[in-house]
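In: How does the following fold in three dimensions:
(chains A and B)
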Amino acid sequence: MTNKSKIYNIDWITIGLYLLLVIMGWMNIYSSAYEEGSSFNLSSRYGKQFLMIGINLIFLVAVFFLEGHIIPAISYYIFGFIILMLIAVLFLGDKTSGSRSWFIIGSFKLQPAEFAKLATALALSKFLGNDNVKFTSNLKDFFIVAALIVFPSFLILLQGDAGSALVFSAFILVLYRMGLPFYWLLFIFIEILVFIAFFFLPQYMIFIILIIFSLIAYRYLSGNFKESILGFLIISGLTTVGFAIIVFLRLNIDAHIVIACSVLILSVYSIVKALNKRKKVAFIIPVIMLLFIGSVYSVEYAFDNVLEDHHRKRINVLFGIEKNITDEGYNVHQSKIAIGSGGFSGKGYLKGTQTKYDFVPEQDTDFIFCTVGEEWGFIGTSIIIILFTVLLFRIIYLAERQKSVYSKVFGYSLASVLFFHYAVNIAMTVGLAPVIGIPLPFFSYGGSSLFAFSFFLFIFIRLDAERNTVFS
Amino acid sequence: MKTKIIIIGGIFTVTALIFIVRLFFIQVIDTDYKLSAENNTLRQVTQYPSRGVIYDRNGKILVSNKAYYDLKVVPRSLKEFDTVSFCKLIDINIDEIRKLINKSKKSYQPVIVKKQISQEEFGFIQEYLFKYSDFYVEKRTLREYTLPVAAHLSGYIGEVDVDDIRNDAYYKLGDFIGKSGIEKTYEKCLRGKKGVNIFVVDVHGRIQGKYKEEKYDTSAVAGKFLVSTIDSELQAYGEFLMQNKIGGIVAIEPATGEILSLITGPGYNPELFIGKNLSENYPEVKNRKGKPLFNRALRSMQPPGSTFKPVNALIGLDQKVITDRTVFVTSGYDAGTHIVRDHVFGAVSFEKSIQLSCNAYYCNVFKRIIANKEYSDYAEAYEKWKEYVESFGLGVNLGTDLDFEKKGILYPSSYYDRYYGKGRWNYNTIISLAIGQGELGFTPLQTANMTAAIANRGYYIIPHVVKEIEGESIEKKFKQKQYTKVNNSYFEPVIEAMEKVVSSGTAMIVYTPGIEICGKTGTAQNPHGDNHSIFIAFAPKDNPKIAISVLVENAGYGSTWAAPIAGLMIEKYLTGSISKPWLEKRISEKSFIKNE
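Out: Here you go, the predicted structure:
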């Protein structure tokens, strides 16, 4: 295939969307640093970003001149290299605001975590692109897939960058598309609900709800309505009796223990039954319950031990448990005021006053969406959201037309990571998610993020240009 | 496959819809967020809590607070003002203020125009300040000392540095933090909690009112008070005696482990380090003769000399290599390569060995400890001996509530293996340890604690300087007895002998009618200069109230300087008066800091 036909095959719609987002992003960075009467200045942040975009575009053109098959061929090497970088940064990196995640080379700062998502996508595509791999049925393959995703994420967590580590959970969408059953998504969804419920309900209430959930799951998987009702009766009966005894004897016993005992008795009952009837499905009740109950404790554990103090505060602020607009709640509060003050049509470009306020420290990185909200109003914010959504759909559309599994997995990885970033970033600026500090793709100030996302997108466009080739 | 694509697409769509609805709510419907930009310049005035007061053990205030003011401005909101008269009013150089404002004129973060304006000065400025509405003051507090004593103990506070801010998000630039002593260890109790008042100001810097009916205001919570274990009178007296001397004194109440005084000589006046004085005076104080910033009570590691003999005696008794009736006939001790000299000759009993501080006696005891047939070799016996020594809190970190305490010097047997070769050393090689010389180094705190362990007949409580925190209990470890490895039945003969040291032995100068003082002199050989004068003591013999260790560096014999200081302090603490004013005079007037 000649270069000419490749260019002919390039998806210009995606490139157009990309350029639109990058230009809009830069305009907003410019605005947040804009001073009346000042002239254009390359050493300012918008100046640096301008240079970055320029250098970036040159690199991207270079991507198009790569031979298509090279990308799959070097996937594992890139992954290995990035893993080494992630380990190296733990020892050699510079420490800023509590996390050790930057390499500083002269005046240039590099954040390997930003590139780790791309590297994981490459390795995952390569692995799943192999015809012999059946990760939904082969346990070994499943664990390799899990390791490819969890290991880099774990290394990033060690750096103290919980936000970037969380991004890797987005790959669940890729796996779902590639064959993972629906209940995995459901399980994650329930986990999120458990996490939220954790802040509002007493723990034993969550247990009770989860037990009901697992009985419903049992009913759904075994089809045996009678047994799940029986299970429910056993649990509630035992628990009631247990509570009655506690109240009656005025014992000082934790409610969890009573519930745990009932669950245990039910589990023993169902296992015995399963062994008698040689029915595999009866194991499901104890397994699901243990999973759920374990998840409640792991939520508690993660909240108390894995998260750092400022994360906890931010989450508490989000759920309104901590009312505090001076420290942790300050960004979000100011962010909402900035966005809110934009009104329907905004104050006009360069006319925003709130976002220039130095009190929102990350106004041109993680909180860049505020500038959009203030200066472009509801019209501007909706357009950005629509643009991102259109881009996501476009990527899925392109991914679906790939002949090669490699390219398809890669496309879905791109969509998932992009989605996670955009959704969580905007959610945190409008007060729907805790502030975990991840940038808005293509918009936020910062070279690493821009480069990583641009490469991600352009490698995919390059793969798409040879969509009829089957890579392996 | 198709359903999967629909579900993924559905997730994207639903998310987008949620955002658009949320944004419509925030941006179009909710007027709450539509404050005009002009009215939303918030001025945050931090409410600084007053730092916790530190009391001494008798309820006297040791460290308290004094109010002062910081004058601040948000450079970005600064409008034209009469610079000349303003500078005159607050007594500041006009160039200085121009530079300050120009440097950060785009910043919304307030800058301090003038720091630490005193209460009197502020009273004057206040009347005219209304003319300069962009400027505002924040009230803060600085430390105030009732007596200019215990500088090392209370420590000082200073402005936070970059690391402090990085380690704890509570701190903002310009905040104070404890840098040493109690101020540092108990920072979290003393600091309290900052509050904030948020005002809405218009573009002209005029306060329009409280923001959202004070919904987001928080009030400052004052720091908790601490009751220190220090007896400020004893502390002051000790510092008086220690003037112009280099060394340290630590006095402990044996039954509780409470540190009654912690003195380092030379000391410094804590008032030198208040507020902005700190940066001015610090270099000068640091370079003074005798290095007053070196906390000798906690950090000066010196060989204990003969004060170590009671410990070796106790170990010998517990290991049953001697009894309290063992007699050695001595005329010095032949260690093979050299003779350990002695000033005591003839038959020396156990009691006399301590009373007269017989070197040869303890060389023989040490020989029996290390050559003990119970153990397979010298190294094993040495390790056992080391365990005993460590059980007195020597050569280990005690874990007090003061920072920077030193561990001391006490080597493992592997050190001698390395130095002399495995199996190539014996008791004679390390015979100096018998009399507290050689490879040993303990701080005054450690020897005071060792004395407390002897006074308690076999246990100590980790020494500490804070006995009460407002509404909190002190750490559990400061209430637990740490037992030595020596059985408590062996202490009595040693204590009897230590009493003889004072009544008719090497430290008769300490003898005070009416108080049964038990002590032990020590003279630590110092290869770098004159010997160090050391004395340990406790009193009264039964039910001891004070255990003390005195180190006077480069002062010669223990009996000449350290012993009288200890004696005077014990008398002062137990009776409140001094029966030997001539001795007090002689001690306090003596100077060991040489002027070159």
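
In: Work out for me the element the residue in chain A that chain B sits nearest to sits within.
Out: Here chain A gets closest to chain B at one residue, A:G340, 2.3 Å apart by CB to the nearest CB. For glycine as for every other residue, the C-beta is placed from the backbone atoms N, C-alpha and C. Per DSSP states H and E: A:G340 is located in helix A:330-341.

In: roughly how far is that helix from the heart of the chain?
Out: Centre-to-centre, helix A:330-341 and its host chain are 23 Å apart (CA atoms, centre = their mean, to the nearest Å).

In: Check which helices and strands that helix is in contact with.
Out: helix A:368-400, helix A:405-429 (3 or more CB pairs under 8 Å, 6 or more residues apart in numbering or on different chains; DSSP states H and E).

In: So which of those helices is the most surrounded?
Out: A comparison of the helices and strands packed on helix A:330-341 by mean neighbour count, using mean count of other CB atoms under 10 Å in any protein chain shown, puts helix A:405-429 on top with a mean of 25.

In: which residues sit in contact with B:S579?
Out: For B:S579, the contact set (CB atoms under 8 Å, 6 or more residues apart in numbering or on different chains) comprises B:512-513, B:571.

In: re the thing from before, pull up the gap between the residue of chain A closest to chain B and A:V332, please.
Out: 12 Å (CB to CB, to the nearest Å).

In: from the chain's centre, how far out does stretch B:514-521 sit?
Out: Once both centres are worked out by CA atoms, centre = their mean, stretch B:514-521 turns out to sit 28 Å from its chain's centre.

In: Same question for that stretch: list its buried residues.
Out: Across stretch B:514-521, burial judged by 16 or more other CB atoms under 10 Å in any protein chain shown covers B:515, B:517-521.

In: Show me where chain B dips below the pLDDT cut-off.
Out: For chain B, residues meeting the criterion pLDDT under 70 lie at B:1, B:32-42, B:76-77, B:104-109, B:201-208, B:212-213, B:215, B:594-596.

In: in the longest strand seen in it, what counts as buried?
Out: Using DSSP state E, we find that the single longest strand of chain B is strand B:61-73. By 16+ other CB under 10 Å, the buried positions in strand B:61-73 come out as B:62-65, B:68-73.

In: now the helix holding A:G340 against helix A:405-429, angle please.
Out: When axes from the mean of the first three to the mean of the last three CA atoms, to 10 degrees is applied, the directions of helix A:330-341 and helix A:405-429 differ by 90 degrees.

In: buried sites along helix A:330-341?
Out: A:330-341.

In: Now a PyMOL select for only the buried ones of the contacts of B:S579.
Out: In PyMOL, this line selects whichever of these come out buried by 16+ other CB under 10 Å:
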select buried, chain B and resi 512+571
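
In: want to try TSV for the helices and strands packed on helix A:330-341, with mean pLDDT and distance to B:D163 as columns?
Out: Supplementary listing: the helices and strands packed on helix A:330-341 in TSV, determined by pLDDT from 0 to 100; distance: least, CB to CB, whole Å:
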stretch	mean pLDDT	distance to B:D163
helix A:368-400	93	30
helix A:405-429	94	29
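
In: Let's have those helices in a markdown table, adding distance to B:G458.
Out: Listed next are the helices and strands packed on helix A:330-341 as a markdown table, based on distance: least, CB to CB, whole Å:
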| stretch | distance to B:G458 |
| --- | --- |
| helix A:368-400 | 68 |
| helix A:405-429 | 62 |
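
In: circling back to that earlier point, kindly present the buried residues of helix A:330-341 as a markdown table, with separate columns for pLDDT.
Out: Output for these, formatted as a markdown table (pLDDT from 0 to 100):
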| residue | pLDDT |
| --- | --- |
| A:Y330 | 65 |
| A:N331 | 71 |
| A:V332 | 76 |
| A:H333 | 74 |
| A:Q334 | 74 |
| A:S335 | 80 |
| A:K336 | 81 |
| A:I337 | 78 |
| A:A338 | 81 |
| A:I339 | 85 |
| A:G340 | 83 |
| A:S341 | 81 |
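
In: and the residue in the stretch 451-596 of chain B that chain A sits nearest to, what does it touch?
Out: Across the stretch 451-596 of chain B, the shortest distance to chain A (CB to the nearest CB) belongs to B:E472, at 20.4 Å. Listed by CB under 8 Å, 6+ apart, the contact set of B:E472 reads B:189, B:224.

In: need the helix or strand of chain A with the lowest average pLDDT.
Out: In chain A, the helix or strand scored least confidently by mean pLDDT, DSSP states H and E is helix A:3-9, which has a mean of 59.

In: if we can go back for a sec, and the helix holding A:G340 with helix A:368-400, angle?
Out: 80 degrees.

In: could you dump helix A:330-341 to PDB, C-alpha only?
Out: Provided in PDB are the C-alpha atoms of helix A:330-341 (Å, rounded to 0.1, in the frame of the first residue of the first chain):
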ATOM      1  CA  TYR A 330     -12.500  25.300  48.100                       C
ATOM      2  CA  ASN A 331     -11.600  24.200  44.500                       C
ATOM      3  CA  VAL A 332     -15.000  22.600  43.900                       C
ATOM      4  CA  HIS A 333     -16.900  25.500  45.500                       C
ATOM      5  CA  GLN A 334     -15.000  28.100  43.400                       C
ATOM      6  CA  SER A 335     -15.300  25.900  40.400                       C
ATOM      7  CA  LYS A 336     -19.100  25.700  40.700                       C
ATOM      8  CA  ILE A 337     -19.300  29.500  41.200                       C
ATOM      9  CA  ALA A 338     -17.200  30.000  38.100                       C
ATOM     10  CA  ILE A 339     -19.200  27.700  36.000                       C
ATOM     11  CA  GLY A 340     -22.500  28.900  37.500                       C
ATOM     12  CA  SER A 341     -21.700  32.500  36.900                       C
END
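
In: For the stretch 151-300 of chain B, just list every one of the strands.
Out: For the stretch 151-300 of chain B, strands defined by DSSP state E, counting those that start in this stretch occupy the ranges B:157-159, B:176-178, B:195-201, B:207-210, B:226-228, B:247-253, B:258-265.

In: Leaving aside the residues adjacent along the chain, what's closest to B:N65?
Out: Distances taken as CB to CB, 6 or more residues apart in numbering or on different chains put B:T141 closest to B:N65, at 4.0 Å, once the chain neighbours are dropped.

In: Wasn't that neighbour part of a strand?
Out: Yes. Counting by DSSP: H, G, I helix; E, B strand; the rest coil, B:T141 is part of a strand.

In: Please tell me how far it sits from chain A.
Out: Distance, B:T141 to chain A, using CB to the nearest CB, to the nearest Å: 21 Å.

In: if we can go back for a sec, now tabulate the contacts of B:S579 in a markdown table and tack on secondary structure and distance to chain A.
Out: Formatted as a markdown table, these follow (DSSP: H, G, I helix; E, B strand; the rest coil; distance: CB to the nearest CB, whole Å):
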| residue | secondary structure | distance to chain A |
| --- | --- | --- |
| B:T512 | strand | 56 |
| B:P513 | coil | 61 |
| B:E571 | helix | 52 |
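
In: tell me which element the most centrally placed residue in chain A is part of?
Out: Centroid-nearest residue in chain A: A:V167, 3.2 Å away (criterion: CA atoms, centre = their mean). Element membership for A:V167 (DSSP H and E) is helix A:162-167.

In: ditto for A:S43
Out: Judged by DSSP H and E, A:S43 forms part of no helix or strand.

In: quick one on the thing from earlier: to B:E383, which of the strands of the stretch 151-300 of chain B lies closest?
Out: With CB to CB, the closest approach to B:E383 among those belongs to strand B:247-253: 28.3 Å.
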